[in-house]
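**Student:** got a sequence here, can you model it:
(one chain, ligands or ions: 1)
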Amino acid sequence: MEELVRLCKARGFVFPSAEIYGGFRSTYDYGPLGVLLARNVKEAWWRSMVQLRTEVVGLDASILSSPKIWEASGHLKNFTDPLVDCRTCKQRWRADQLPAADDGKLKCPNCGGADFTDARPFNLMFKTFVGPVEDEWAVAYLRPETAQGHFVNFANVLQTEHLRPPFGTAQVGKSFRNEITPGNFVFRTREFEQMELEYYVPPDDAQRWFEYWCNERFEWYVRLGIPREMLRLRHHSKEELSHYSAGTADVEFAFPWGWGELEGIANRTDFDLKAHSAASGQVLEYFDSSTGERYVPYVIEPAAGVARTMMAFLIAAYSIDEVAGEERTLLRLHPRIAPYQVAVLPLSKKDTLLPLSQEVLQLLQPVAMCDYDITRAIGRRYRRQDEIGTPLCVTVDFESLEDKAVTIRDRDSTTQERVPIDRLVETVNSRLAW
Ligand code: GAP
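**Tutor:** You can find the predicted model right below:
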């Protein structure tokens, strides 16, 4: 894990936020490679949830939202964690996450003390004021999940898209939670991105769709390169269920510190639509004019986090092997996830090679995200591309000027193939097997 955090910083995936001021409370910024990786995670999710389906449409709701939403959804009352203070060192902790000592008593992870205040509920929503006056009428919340933006737009979407259950809305965006104990790098932060699908189904079909989405979402991680044995599906016990859920399962990943949740799949029943309907006085139901059928759909919700997914891909892809007697670090990332799919590398930075290298780059840029590197010796440039997970390197050498061909080097096997430039795009596409 330490090595991965080092690599993330050194290669420009993730930087501590406001580092020049000493950092800021478990916030992080995404650097040039982190932005590409995060975009690819989100695009791969969007592709499977929206692009390759006909019954799912997109949505982008606001982050600042009316307190009425959170009152109706139950978040104002229920979205709390139990908070305790250590009386010895004054640190605050989530009571349900404190480790127990050998004698079974809870132990402070900071000072080892066992004297805590009673647990009290702490609401995780960030509160702010809209407009210039800071009074109770101006209170607003930053959304702690994107889900409620789906539910309050249920009638709008139904009206404009003429969908019938099963159908879904998909949304990717930031959510905010005032976590008591953020940590494990970007695993738990106060500002994070979610990818959520709200899938509306006839109530009688809810269990079947819940199982469908558990399986579908598990397989999505596998298809994108995470080994099956690093994943598991864990069903929640009754005590663990959120206030809105009739059943939840988490897709968990084997993080270096143990199993951790990547995504939750929940059967939210008709809880949210009924709650918003009651609070707003609006009808939030499906009506079939041809049969006269009318009902409030159940909601199956697969909800994933971008940063956790990125981390899981990085951890699963991280490997060390030996090439020509030398150790090398590489990220065996799936081409859809890797920040760059191709690196174009002129063998030398002599002027004679650069015009053809630029031509090659321009051929490839419309089909793949390309890096272009003319610094250092070619071997060191290959190592850098291996370390950031670039599946293919395309090398332009002096022979290329004569034979109009380039060399494609494969990240995982390091094998090389000579390819005519006029067949390069086609070859790269087939080698990436998008
Ligand atoms: N709408 C349902 C919902 O928000 P959740 O299990 O609380 O469910 C869904 O969140 C996903 O969002 C989690 O599986 C996780 O990947 C991500 N997530 C939640 N809280 C997070 C945090 N504090 N930091 C990073 N990711 C978080």
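**Student:** now the strands: where do they sit in the stretch 101-250 of the chain?
**Tutor:** With DSSP state E, counting those that start in this stretch as the definition, the stretch 101-250 of the chain shows strands at residue ranges 120-123, 127-129, 139-142, 167-176, 191-201, 231-235, 247-255.
**Student:** of all those strands, which one comes closest to the ligand?
**Tutor:** With CB to the nearest ligand atom as the criterion, the ligand lies closest to strand 191-201 of these, at 3.6 Å. Every C-beta, even on glycine, is put in place using the N, C-alpha and C of the backbone.
**Student:** ok, back up a step: single out the most deeply packed of the strands of the stretch 101-250 of the chain.
**Tutor:** strand 191-201 (a mean of 23; mean count of other CB atoms under 10 Å).
**Student:** just to revisit the earlier point, I'd like the strands of the stretch 101-250 of the chain laid out as TSV, including distance to Gly104 and mean pLDDT.
**Tutor:** Shown next, in TSV, are the strands of the stretch 101-250 of the chain (distance: least, CB to CB, whole Å; pLDDT from 0 to 100):
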stretch	distance to Gly104	mean pLDDT
strand 120-123	22	93
strand 127-129	37	95
strand 139-142	38	96
strand 167-176	36	98
strand 191-201	34	98
strand 231-235	25	98
strand 247-255	26	98
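**Student:** redo those strands as TSV? Include distance to Asn40.
**Tutor:** Rendered in TSV, the data for the strands of the stretch 101-250 of the chain read as follows (distance: least, CB to CB, whole Å):
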stretch	distance to Asn40
strand 120-123	34
strand 127-129	32
strand 139-142	26
strand 167-176	12
strand 191-201	12
strand 231-235	19
strand 247-255	18
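**Student:** and those strands as CSV, adding distance to the ligand?
**Tutor:** Compiled in CSV, those are given as follows (distance: least, CB to the nearest ligand atom, whole Å):
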stretch, distance to the ligand
strand 120-123, 14
strand 127-129, 17
strand 139-142, 13
strand 167-176, 7
strand 191-201, 4
strand 231-235, 12
strand 247-255, 7
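**Student:** which among those is found nearest to Tyr28?
**Tutor:** Go through those one by one with CB to CB and the one that ends up closest to Tyr28 is strand 191-201, at 8.8 Å.
**Student:** relative to strand 167-176, how tilted is that closest one?
**Tutor:** Going by axes from the mean of the first three to the mean of the last three CA atoms, to 10 degrees, strand 191-201 is angled at 160 degrees with respect to strand 167-176.
**Student:** strands paired with strand 191-201, and their directions?
**Tutor:** strand 167-176 (antiparallel), strand 298-305 (antiparallel) (DSSP bridges).
**Student:** list the contacts for the closest residue to Glu301 other than its chain neighbours?
**Tutor:** Residue nearest to Glu301 in three dimensions, not counting chain neighbours: Ala266, with 4.8 Å by CB to CB, 6 or more residues apart in numbering. Shown in contact with Ala266 (CB atoms under 8 Å, 6 or more residues apart in numbering): 242, 244-245, 247-248, 300-301, 303.
**Student:** cool, Ser62 as well?
**Tutor:** Contacts were defined as CB under 8 Å, 6+ apart; by that measure Ser62 touches 143, 149.
**Student:** let's have the strands paired with strand 191-201 in a markdown table, adding distance to Met49.
**Tutor:** Putting those into a markdown table (distance: least, CB to CB, whole Å) gives the following:
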| stretch | distance to Met49 |
| --- | --- |
| strand 167-176 | 5 |
| strand 298-305 | 8 |
